[in-house]
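Student: Next comes the sequence, and after it the predicted model I'd like to discuss.
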Amino acid sequence: MNLTYQEAGVDIDAGNELVRRIKRMTAGSKAKASAIGGFSGLFPMPKSAGQSFLSGCCDGVGTKLKIAFLLDKHDTVGIDLVAMNVNDLICVGAKPLFFLDYFACGSLDVGTAEKVIQGIFNGCEEAGAALLGGETAEMPGFYKDGEYDLAGFAVGWAPKKSVLDGKKVKAGDVLLGLPSSGFHSNGYSLVRKVFSEPEIRALGSELIAPTKIYVKPVLAALSKPSLKGAIKSIAHITGGGWYENIPRVLPRGFGVRVRKGSWPVPDIFRKLQVKGSVAEKEMYRTFNMGIGLVMVADKAKADRVKKEFAECHILGEIEKGMEGVVVQ
C-alpha cells in the first residue's frame, strides 16, 4: 500500500475547498484588491502614489518545527519563515519591503527565542526586507514544553507595469526551474510519518536545511532591460507541489509538460519515496522534488534568462488545449 500525504494527516483537497469557500465569501467585497488565491495579494495604492500595488502574504514553517525540536536546532527555522513569504511576493513581481513575525509558546525560553528571531533577521537581510516588528505570545498550557509555533507576514511593492499575472503566457513558452535546498518547508508531516526519530537524527542536516530565498537573483532578472517581458509568470513550489502550484500562474486552457530527468532530484526525495512506498504522483503533489521556484519564460529569451542564474534548468514547455501538469 502506497503512503499518502493525507494518511500523514494533511488533506490538500480540504485546503483547496476552504480556499474556494473564501473566494465565494470575498467575491462581493467592495475593497479594490486582487482576488484570493494568488501567491500574494495585491492592493492598489492611491493615484497620488502612482500606478503601483502593495503586495501582502502570510505563511508559517509547518511541522518542520518538529524537526527543529527533535534536533534542538533553532537558528534556521526563522530563515524558513521569511523565505516562505518573500518567495511568494516575487511570484507577482513585488519587491519585499518589510516583515513581521508571530512567535507563540507555552513558556518563553529567551535563549531559544533569540535563536529563532536571529534566523528571521538573517532571512530578512538576505531578502532585502526590514524586520519591522512582531508579536511574542506566551500561552501556558497551550503548547508542549519546549515547543513553539511561528507565523510571518510580508509586505512588498510593485509598480503596475511590473506585476506578473501570467496573462501573456502562450504555447511554446519555456518552463525554467531554480533548485531547492531540499524539502524546504512543506511535506514534513509525511517526512515524519516515513522516517523514524533515529533516522531523522541521522538525516538531520538535510531535513533542517533552510528554504532558499530567491528574491535577489529573481528581482535582478526581472529588472534587467534586455529581459523585459521575458519572465511571464512565477510559481513557488510549496504546499501542493507541482500539480497545485504551477497551474496557478497559467491562463485557462494552458498546461505544462515536464520532462523527467531535466534536473537532478536530490537523493533524500528518493530515500523517502522508497522507504514510504510513496507513489510518484504523490511525491510531485507533496514535495518540490528539488525545484523550489518555477518561471515561465518567453521561448525566444529563455536561454538568456537561464544564464542569469547560477543554476537553472529547462524543465519543459507550455501547451495549449490541456490544463494542469503532466510529468513524464
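Tutor: Yep, that arrived. Residues are numbered from 1 along each chain as shown.

Student: count of neighbours near the closest residue to G60 other than its chain neighbours?
Tutor: Closest residue to G60 apart from its sequence neighbours, by C-beta to C-beta, 6 or more residues apart in numbering: A151 at 4.7 Å. C-beta coordinates here come from the backbone N, C-alpha and C atoms, glycine included. Residues within reach of A151, counting by other C-beta atoms under 10 Å, total 18.

Student: ok, the helix or strand harbouring A151: who's next to it in the sheet?
Tutor: Applying DSSP states H and E as the criterion places A151 in strand 148-159. Paired strands of strand 148-159, with direction, are strand 52-60 (antiparallel), strand 95-105 (antiparallel) (DSSP bridges).

Student: Need the mean per-residue confidence for the following helix or strand past it.
Tutor: Scanning forward in sequence from strand 148-159 by DSSP H and E, the next helix or strand is strand 174-179. Across strand 174-179, pLDDT averages out at 98.

Student: Extract the CA atoms of whatever helix or strand comes next after strand 174-179 and return them as PDB.
Tutor: Toward the C-terminus, strand 174-179 is succeeded by helix 188-194 as the next helix or strand (DSSP H and E). What follows is helix 188-194, C-alpha atoms only, in PDB (Å, rounded to 0.1, in the frame of the first residue of the first chain):
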ATOM      1  CA  TYR A 188       7.100  17.400   6.800                       C
ATOM      2  CA  SER A 189       4.100  15.600   8.200                       C
ATOM      3  CA  LEU A 190       4.800  12.900   5.600                       C
ATOM      4  CA  VAL A 191       8.500  13.100   6.200                       C
ATOM      5  CA  ARG A 192       7.900  12.300   9.900                       C
ATOM      6  CA  LYS A 193       5.500   9.600   9.000                       C
ATOM      7  CA  VAL A 194       8.100   7.800   6.900                       C
END
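
Student: where in the stretch 51-200 of the chain is pLDDT low?
Tutor: Filtered on pLDDT under 70, the stretch 51-200 of the chain yields no residues whatsoever.

Student: how far out from the middle of the chain is the strand holding A151?
Tutor: Mean-position distance between strand 148-159 and its chain equals 12 Å (C-alpha atoms, centre = their mean, to the nearest Å).

Student: tell me the SS of G133?
Tutor: Each residue gets one of three states, and G133 gets strand by DSSP: H, G, I helix; E, B strand; the rest coil.

Student: so it makes contact with L100?
Tutor: Yes. Using C-beta atoms under 8 Å, G133 makes contact with L100 at a distance of 5.5 Å.

Student: So for those two, which residue has more residues nearby?
Tutor: L100 (18 against 9).

Student: where along the protein do the strands fall?
Tutor: In the chain, the strands defined using DSSP state E lie at 41-44, 52-60, 95-105, 130-138, 148-159, 174-179, 231-236, 254-258, 291-297, 313-320, 324-327.

Student: so what secondary structure elements neighbour the first one?
Tutor: If I follow you right, that is strand 41-44. strand 52-60 (3 or more C-beta pairs under 8 Å, 6 or more residues apart in numbering; DSSP states H and E).

Student: re earlier: any chance of the strands of the chain in TSV with distance to I213 as columns?
Tutor: Putting the strands of the chain into TSV (distance: least, C-beta to C-beta, whole Å) gives the following:
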stretch	distance to I213
strand 41-44	20
strand 52-60	13
strand 95-105	10
strand 130-138	14
strand 148-159	11
strand 174-179	11
strand 231-236	11
strand 254-258	24
strand 291-297	10
strand 313-320	19
strand 324-327	25
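
Student: Point out the one among those that comes closest to L71.
Tutor: L71 lies closest to strand 148-159 among the strands of the chain, at 14.5 Å (C-beta to C-beta).

Student: domain ranges for this structure?
Tutor: Structural domains annotated on the chain: 32-162, 174-327, as defined by automatic domain parsing.

Student: Turn those into TSV, including distance to E17.
Tutor: What follows is those, written out as TSV (distance: least, C-beta to C-beta, whole Å):
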stretch	distance to E17
domain 32-162	13
domain 174-327	13
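
Student: Please name the nearest non-neighbouring residue to E197.
Tutor: Here the residue nearest E197, using C-beta to C-beta, 6+ apart, is L70, at 6.4 Å.

Student: what's the answer for L71, then?
Tutor: Nearest one to L71, counting by C-beta to C-beta, 6+ apart, is G204 at 5.0 Å.

Student: Enumerate every residue touching that neighbour.
Tutor: 67, 71, 73 (C-beta atoms under 8 Å, 6 or more residues apart in numbering).

Student: Narrow these to just the buried residues.
Tutor: Among the contacts of G204, those classed as buried by neighbour count (16 or more other C-beta atoms under 10 Å) are I67.
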